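Colleague: Give me a model of this one.
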Amino acid sequence: MPCISIPVMKSFIPFIILSFCIPFSGEGQSTVSTQSNSTYIHCTRFYISKPMRDLPDFKPGMHIKKEAEDKMRKKTVRPKSSISHAPVDYTDPIRQASQGSATGIDVPLVNFEGTDDAAFDPPDPNGAVSANYYVQGINIMYTVFDKTGKIILPAKDLDSLWKGDPDDGDVVVLYDKFADRWFLSEFQISNIPNQLCVAVSKTNDPTGAYYVWEYAMGPTYPDYPKYSIWTDGYYLTFQGINLKSFSPNVPQQVGVLERNEMLKGNPNAGLILANLPTPPDFMGGRNSLFSAPKTLDCDASALPPYGSPNYLMFFENIASGGYSNSIVMYKLATDTTLHTLTVSRADSFQVPTFNAYFSDGNQSDISQPGYDTGVDALDGTFNFRVPYVRFTGYNSVVLSNTVNLGNKMAGIRWYELRQNNTTNVWSIYQEGTYAPNDGVSRWNGAICEDYDGDIALAYSVSNGTNVYPGIRYTGRLVGDVLNKMTFIEQTAITGTSTLSNVNHRWGDYSELDIDPADGITFWCTNEYGGSSNSGDQSTRIFSFILFGNKSGIDEVQNQAELKAYQNGNFLEVKATGLPTNENLIVNLFDISGRQLTTQSVEPVSNMFETKINASSLPTGVYFVRIGRLNFQKVIKAVIN
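Modeller: Numbers count the residues shown, from 1 in each chain. Take a look at the predicted model:
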C-alpha cells in the first residue's frame, strides 16, 4: 500500500511529513516528497505483458507520420545556450595522431546486419548480450538474435508492449547479468502526462513476458533517457524538456528505479527522483547534447557492496562555455527504505585541453561525401555507456566523448579512472585522444573493459571525400604503454552511401558490451550508411576479442577454468589452468551485490580446490569470483 505524503512548512521549522496509506489500484500516480529534496513516484499503471513472441511484428511505414513529428520536436527542443564559448582552440596535447601497431586485435568473430530503421532519424541503436542471445533495440523496435546472427525473434513494434500508449522512441536495452533478466525502456510524449515506460523480463527469456511499469513525468519530456545497473537500483538520467515552453528544465534531475522490487514484479516498485546542480556547473553549454550526464553501469564480476554509492559523470569544457576542462563526479547515495536519493559533489579532475564545441547544437558537424552540411557530432556528453568494473584492489571506469579537431573533423577523447578499494579515492589512471591524422572523423564512440582490464573502443567514421559512414574499432591491453590505443584499427563494416535523408541526425548513441559468458568478447552495435542511394541508415552488430602478448597478465589466464557446484551444505569451488600460483581471493556474492564470504587460497600446479559453507544460505543464485591484481574469473552458482 503506497503512501501519499503531505509536506507541511512552518517558519524556521524543518519539513514535517504527514503520511497516510491508500490501496494501490494500478492506475493513477502518487508522488511522495521525501528527504534530501527527493521525490518518490509510484507508477500510473502496472501489468504483465503477453510474451514478446506473441506481439505484432513491426511493419515498415506504420510510423511515417510519427517520424515527421519526431524531427520537428528534436529540432525545437535542442536549446541554444546564451553561454559564450571561448575563442576557437583545437589544441589537444594528448592527441594520438597515428594508429597503434599491435596486430593481436581480432577481426570480427561474428558480423551481421542489425535491424534497419526508416521510420525514425536517428535509429538510436543499442543492445545487450547474454550467454545465449543478443538483443538489439532501435527506435520503437526490439529484435532478438542468437550469437551467430540468426534471428530468434523478428523485429517487434514496442507500441504493443506498452499496451496502447504510443511509443515515441529512445529505446534502451540492458541485460542485468546479476539477475539474468532483461530491461527495456522507452518514453511517450504523444499524450499528457508524458511517461517513462519501463519493462523487466519475468525470466531470462527475452522473447517471453515482461513486468511493465509506466511513470508519469507531467509536462516534462524525458529526452535521451539513459539507464545503468547498480546494486540498489536501475539508475536513470535524461534531458528534461518542458514541452509547454520548449525549454530545458532547471534544475535537471536524476532518478533510480527500485531494482529489487522490479525483479519480483512488485506493482508498487517506485521511481526516486532528485534534483541535479543548476547551470552552468551542470548544463553542457551550447552543445548538441546540452544536459546528458551518465551514471556508472556495473559490468563484469560483481555488483558493488550493498550501500555503495553510484556516481554521476559529466565534463566541463571551456570551449563549450564551461569554467574549466575537467571531469566532474557527483555521488548518488540511495536509501531504498526512506526512498531518498542524495546528490553531492564528490570530486573533479582537471584534464588536458580539449574542444567539445561544434556548431551551437545545429547538428551539422561531421562531413560525408557529397553532403556538405554534415551530421551531428553528438557533442557535450560522455558516450553511453560508462562501464564500471570491480577488480581485486581497485575499481575501474572508462569514458569517452567526441572532440572537435577543426575543419569538420572529430576524434574521441577517452579516460580510465580508478578507485582505490581501501581509501575509495578516485583518480585518473590514463587518458588520450584517439584521432589519427588521416583525414577521417571518428565520433559516436562506445568504450568498454573486459574482465582482464583490456579496453576496447568502437566508433563511427566518415570524411567529406571518400569515406562513407562506417564502423571501426581499436583497443589496448591492460599492460600496454599508458594513454594509447595500441592496436591497429579494424573495420567492422565499410559504409557504401551518404546518409542524406536523416535531418542531420546521427546516433544518438551506439553500444559496446562485454560477453558475460567469457568476460573477454566485446559486442557492439552502431549505425552506418549501408543502403546505396537510399539515404537511410542501416545498423550492424559484431563481436571481437583483444588478443596479443599480454604483458600485464599472461595470455594463459583466458584458458583458466572455474567451476562451482553445491555438495550438501557446501559450495565446492575448483579452478584449473590458472596463469600463476600467486595467491587468489575467493569471494561469494548474492545477486544484490552483498559479499557473503571471502577467503585467500594459494594454487598448487596452477589449480586449487576450496569449499564455502552454504548451510545458512537461502535457495537462490549466487556468484563466485576469484581474483588478484589484473586477473579475475566469475561463475554463477545455484543453491538449492
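Colleague: quick one: low-confidence parts of the stretch 151-300 of the chain?
Modeller: 164-167, 279-291, 300 (pLDDT under 70).
Colleague: quick one: the strands in it?
Modeller: 151-157, 172-176, 181-188, 195-201, 210-216, 220-230, 233-242, 247-248, 253-257, 271-275, 294-295, 297-298 (DSSP state E, counting those that start in this stretch).
Colleague: Listing partners with orientation, what would you give for the longest one?
Modeller: Pointing back at strand 220-230 there. Applying DSSP bridges, strand 220-230 is found paired with strand 233-242 (antiparallel).
Colleague: can you give me how far the strand it pairs with is from the chain middle?
Modeller: Its chain's C-alpha centre lies 13 Å from the corresponding centre of strand 233-242 when counted by Cα atoms, centre = their mean, to the nearest Å.
Colleague: out of the strands of the stretch 151-300 of the chain, nearest to residue 377?
Modeller: strand 220-230 (15.0 Å; Cβ to Cβ). From N, CA and C alone the C-beta is placed, and that goes for glycine too.
Colleague: distance between the ends of stretch 368-377?
Modeller: 12 Å (Cα to Cα, to the nearest Å).
Colleague: what number of residues lie near residue 613?
Modeller: Neighbours of residue 613 under the rule other Cβ atoms under 10 Å: 12.
Colleague: Pull the contacting residues for it.
Modeller: For residue 613, the contact set (Cβ atoms under 8 Å, 6 or more residues apart in numbering) comprises 569, 570, 571, 597.
Colleague: Mind doing that once more with 10 Å?
Modeller: 569, 570, 571, 588, 596, 597 (Cβ atoms under 10 Å, 6 or more residues apart in numbering).
Colleague: could those be laid out in JSON lines, adding neighbour count?
Modeller: JSON lines is the format used below for the contacts of residue 613 (neighbours: other Cβ atoms under 10 Å):
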{"residue": "569", "neighbour count": "11"}
{"residue": "570", "neighbour count": "14"}
{"residue": "571", "neighbour count": "22"}
{"residue": "588", "neighbour count": "23"}
{"residue": "596", "neighbour count": "15"}
{"residue": "597", "neighbour count": "15"}
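Colleague: circling back: CSV for the strands of the stretch 151-300 of the chain, including distance to residue 100 and mean neighbour count?
Modeller: Shown next, in CSV, are those (distance: least, Cβ to Cβ, whole Å; neighbours: other Cβ atoms under 10 Å):
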stretch, distance to residue 100, mean neighbour count
strand 151-157, 35, 17
strand 172-176, 30, 24
strand 181-188, 35, 24
strand 195-201, 39, 25
strand 210-216, 42, 23
strand 220-230, 29, 24
strand 233-242, 33, 24
strand 247-248, 40, 16
strand 253-257, 36, 24
strand 271-275, 42, 22
strand 294-295, 26, 24
strand 297-298, 26, 23
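Colleague: could you dump those to CSV with distance to residue 324?
Modeller: Converted to CSV, those look like this (distance: least, Cβ to Cβ, whole Å):
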stretch, distance to residue 324
strand 151-157, 45
strand 172-176, 31
strand 181-188, 32
strand 195-201, 33
strand 210-216, 35
strand 220-230, 24
strand 233-242, 21
strand 247-248, 22
strand 253-257, 22
strand 271-275, 22
strand 294-295, 19
strand 297-298, 26
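Colleague: between those strands, which gets nearest to residue 417?
Modeller: Nearest of the strands of the stretch 151-300 of the chain (Cβ to Cβ): strand 294-295, 12.7 Å.
Colleague: among the strands of the stretch 151-300 of the chain, which is nearest residue 563?
Modeller: strand 172-176 (23.2 Å).
Colleague: Can I get the closest one in PDB, CA atoms only?
Modeller: Provided in PDB are the C-alpha atoms of strand 172-176 (Å, rounded to 0.1, in the frame of the first residue of the first chain):
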ATOM      1  CA  VAL A 172      17.200   1.300 -24.100                       C
ATOM      2  CA  VAL A 173      18.000  -2.400 -23.700                       C
ATOM      3  CA  LEU A 174      20.100  -3.700 -20.800                       C
ATOM      4  CA  TYR A 175      20.900  -7.200 -19.700                       C
ATOM      5  CA  ASP A 176      21.000  -7.500 -15.900                       C
END
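Colleague: Quick check: neighbours of it in the sheet, parallel or antiparallel?
Modeller: strand 181-188 (antiparallel).
Colleague: just the angle between the partner strand and strand 210-216, please?
Modeller: 30 degrees (axes from the mean of the first three to the mean of the last three Cα atoms, to 10 degrees).
Colleague: who does residue 312 bridge with?
Modeller: residue 295, residue 330.
Colleague: er, residue 128 I mean
Modeller: Going by DSSP bridges, residue 128 forms beta bridges with residue 135.
Colleague: That one contacts residue 145, correct?
Modeller: No: taking contacts as Cβ atoms under 10 Å, residue 128 lies outside contact range of residue 145: 11.4 Å.
Colleague: joint contacts of the two?
Modeller: The contact lists of residue 128 and residue 145 share 134, 135, 136, 206, where a contact means Cβ under 10 Å, 6+ apart.
Colleague: just the buried members of those residues?
Modeller: 134, 135, 136, 206 (16 or more other Cβ atoms under 10 Å).
Colleague: Can you add distance to residue 416 and give these back as CSV?
Modeller: Converted to CSV, those look like this (distance: Cβ to Cβ, whole Å):
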residue, distance to residue 416
134, 26
135, 28
136, 27
206, 31
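Colleague: Considering the residues you listed, which is situated nearest to residue 466?
Modeller: Looking across these and measuring by Cβ to Cβ, the closest to residue 466 is residue 136, at 29.2 Å.
Colleague: who does residue 625 bridge with?
Modeller: residue 587, residue 634.
Colleague: next one: the one helix or strand residue 144 maps to to chain centre, how far?
Modeller: Assigned by DSSP states H and E, residue 144 belongs to strand 141-146. Between the centre of strand 141-146 and the centre of its chain there are 18 Å (Cα atoms, centre = their mean).
Colleague: which residues of this structure fall in helices?
Modeller: All helices of the chain, identified by DSSP state H, fall at 64-77, 259-264.
Colleague: hey, least reliable of the ones you listed by pLDDT?
Modeller: Among these, helix 64-77 carries the lowest mean pLDDT, a mean of 44.
Colleague: Tell me which residues touch the closest residue to residue 394 other than its chain neighbours, please.
Modeller: Closest residue to residue 394 in three dimensions, ignoring its sequence neighbours and counting by Cβ to Cβ, 6 or more residues apart in numbering: residue 418, at 4.9 Å. By Cβ under 10 Å, 6+ apart, the residues touching residue 418 are 391, 393-397, 425-430, 453.
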